[in-house]
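**Student:** build me a model:
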Amino acid sequence: MRKHFKKLTTLSMAAVLTLGSMAVTVQAEEADFAGRTLNVGIWGGNDQETAALEKMKAEFEEKTGAEIVFKTYTDYNTQIQADFIAKTAPDVFYIDANVFPFYSSLGVMEPLDPEEMEADQYYENLLSAFTAEDGTLYCIPKDVSTLATYYNKDILDEVGVSPDDIPTALEDYKDFLTDLQAKLDEKYGEGQVAAMTYNPELSRQIYILEEGGASIIDEDGMATLSSDGVVKNLEFYIDLVQTGAVKTPADLGLGWNGEAFGVGKAAIMEEGNWVYGTLKTDYSDVNFGVKEMPTYNGNQHSMSFTVGYGISSVTEEKELAKEWIKYATGEEGMQIWSSGAGCLPSRAAVADTMDILSDPVWAVHSKMIDVATPWQRGTTLSIVDSAYKNFVPAAYKGETGAKEAMEQADKQANSEIENSI
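**Tutor:** Residues are numbered from 1 along each chain as shown. Model (predicted):
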């Protein structure tokens, strides 16, 4: 089992078709699709995502004559696995990068031709997240989100702190946040506003835990959370949290970082670009700025979260499914989706067309793509992630040591992994 996914080999050059023959081919395909139906598996989203999908559906149907039927899952992985077993899965469906290794091992997805799908047009680290160990491409990334550092300009200004004072290195956060928390307590009352919020989850902290060559999962897929390197990095972050300046949203009686930040309960947060739309619509009075993620051990990191489209290996609509993916992840469809859903395009050309860099928020998130760690680690990640969530809170609260907590997490995770083999 790999830790880092293989990069795609250089694509071979195809014979160049004439524009005339291409036009004939497209017209023939569109005529062939008339009256046909494509089932697309998705999970529920917000109103903006739904509107973007409906617009894509309408334009695709007009172009091809086909009918798109969305199947919306409420418990995606559980329900789509049941459909795979029953051979009733949609023709084309979402696959999150973090579960791709599992699904690619089941033989439920149709291999994709990199040249046909214009694979060289996508960010390489996103495409590699949907490429199996043998080099087979199974999904095309439809979007990407990254983490960045958000700060409330007005709150900082109220206590005499400039955004430029926010350190660029995580190692400098302890002194800065301790000082900031003292100023916030004096201004707003003790514990009323947190200097910073955090999420005690692997999906937010894996890049810290694995810094310096450490690994949370070994080559056999077994949990190694209690390894010396992981524990050392975890202890660093625990030390930061135990200053009292770093709180979870739950500590503040709120649901997530965006809410805590939006209602003025946190001065700083590390969050994905999905929060941008929330801040603009639900908390439009918040005067905020965005910075790059801090470095750790001299290296800059972020996290990337990407979702791809895959095709069922048993669908009778393979060509129509490929046509949908080409449209949805092509320049036209991706602009509709990214603009409406608040995600970054997974194609650099679309980012250029949308003039992403002209927006200071999008520009920062876009810059983080190249340094981001994909949320993906083999077929056992979900098990290891669950065990981590169960035991790390006690370490953050000082109820147990980091080593002991991670030994318990390893024990639980590896017992479940062994029983699943």
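**Student:** in which helix or strand does residue 405 reside?
**Tutor:** helix 402-420 (DSSP states H and E).
**Student:** what is that helix packed up against?
**Tutor:** helix 228-241, helix 381-396 (3 or more C-beta pairs under 8 Å, 6 or more residues apart in numbering; DSSP states H and E). From N, CA and C alone the C-beta is placed, and that goes for glycine too.
**Student:** could you dump those helices to TSV with distance to residue 197 and mean neighbour count?
**Tutor:** As requested, the helices and strands packed on helix 402-420 are arranged in TSV below (distance: least, C-beta to C-beta, whole Å; neighbours: other C-beta atoms under 10 Å):
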stretch	distance to residue 197	mean neighbour count
helix 228-241	11	18
helix 381-396	13	20
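**Student:** how about those, which one is nearest residue 51?
**Tutor:** For residue 51, the closest of those is helix 381-396, at 30.6 Å, according to C-beta to C-beta.
**Student:** could I get the buried residue list for the helix holding residue 405?
**Tutor:** Neighbour-count burial for helix 402-420 flags 402-403, 405-410, 412-414, 416-417 (criterion: 16 or more other C-beta atoms under 10 Å).
**Student:** for whatever helix or strand residue 335 lives in, buried residues please.
**Tutor:** Assessed by DSSP H and E, residue 335 sits inside helix 331-341. Of the residues in helix 331-341, those buried under the neighbour-count criterion (16+ other C-beta under 10 Å) are 331, 332, 333, 334, 335, 336, 337, 338, 340, 341.
**Student:** quick one: mean pLDDT for it?
**Tutor:** For helix 331-341, the mean per-residue pLDDT is 94.
**Student:** quick check: closest non-adjacent residue to the residue most central in space within the chain.
**Tutor:** Relative to the mean C-alpha position of the chain, the nearest C-alpha, by C-alpha atoms, centre = their mean, is the one of residue 305, at 1.3 Å. With sequence-adjacent residues excluded and distances taken as C-beta to C-beta, 6 or more residues apart in numbering, residue 305 is closest to residue 145, at 4.7 Å.
**Student:** wait, a helix at the one you found?
**Tutor:** No. Residue 145 sits outside any helix when classified using DSSP: H, G, I helix; E, B strand; the rest coil, being strand.
**Student:** that one contacts residue 341, correct?
**Tutor:** No. In this structure, residue 145 is not within contact of residue 341 by C-beta atoms under 8 Å, at 9.8 Å.
**Student:** residues in contact with the helix holding residue 405?
**Tutor:** Contacts with helix 402-420, where a contact means C-beta atoms under 8 Å, 6 or more residues apart in numbering, come from 221-226, 230-231, 234-235, 238, 380, 383-384, 386-388, 390-392, 394-395.
**Student:** chain center to that helix: distance?
**Tutor:** The gap between the average C-alpha position of helix 402-420 and the chain average comes to 25 Å, counting by C-alpha atoms, centre = their mean, to the nearest Å.
**Student:** make sure residue 115 is indeed in a helix.
**Tutor:** No. Counting by three-state DSSP, residue 115 is not part of a helix but coil.
**Student:** how many neighbours does it have?
**Tutor:** Residue 115: 12 surrounding residues under other C-beta atoms under 10 Å.
**Student:** give me phi/psi at it?
**Tutor:** In terms of degrees, to the nearest 10, the main-chain angles of residue 115 are phi -70, psi -50.
**Student:** tell me the pLDDT of it.
**Tutor:** Confidence per residue is given as pLDDT, and for residue 115 that number is 97.
**Student:** and the gap between it and residue 304?
**Tutor:** Distance, residue 115 to residue 304, by C-beta to C-beta, to the nearest Å: 25 Å.
**Student:** show me where the stretch 201-350 of the chain has helices.
**Tutor:** Counting by DSSP state H, counting those that start in this stretch, the stretch 201-350 of the chain forms helices over residues 202-209, 228-241, 257-262, 274-281, 318-328, 331-341, 348-353, given from the N-terminal end onward.
**Student:** what mean pLDDT does the first one get?
**Tutor:** What helix 202-209 shows for mean pLDDT is 96.
**Student:** ok, which of the helices of the stretch 201-350 of the chain comes nearest residue 52?
**Tutor:** Among these, helix 331-341 comes nearest to residue 52, with 2.9 Å by C-beta to C-beta.
**Student:** tell me the angle of that closest one relative to helix 274-281?
**Tutor:** Following axes from the mean of the first three to the mean of the last three C-alpha atoms, to 10 degrees, one obtains 60 degrees for the angle between helix 331-341 and helix 274-281.
**Student:** and helix 331-341, how far out from the chain's middle?
**Tutor:** 17 Å.
**Student:** all good on my end, thank you.
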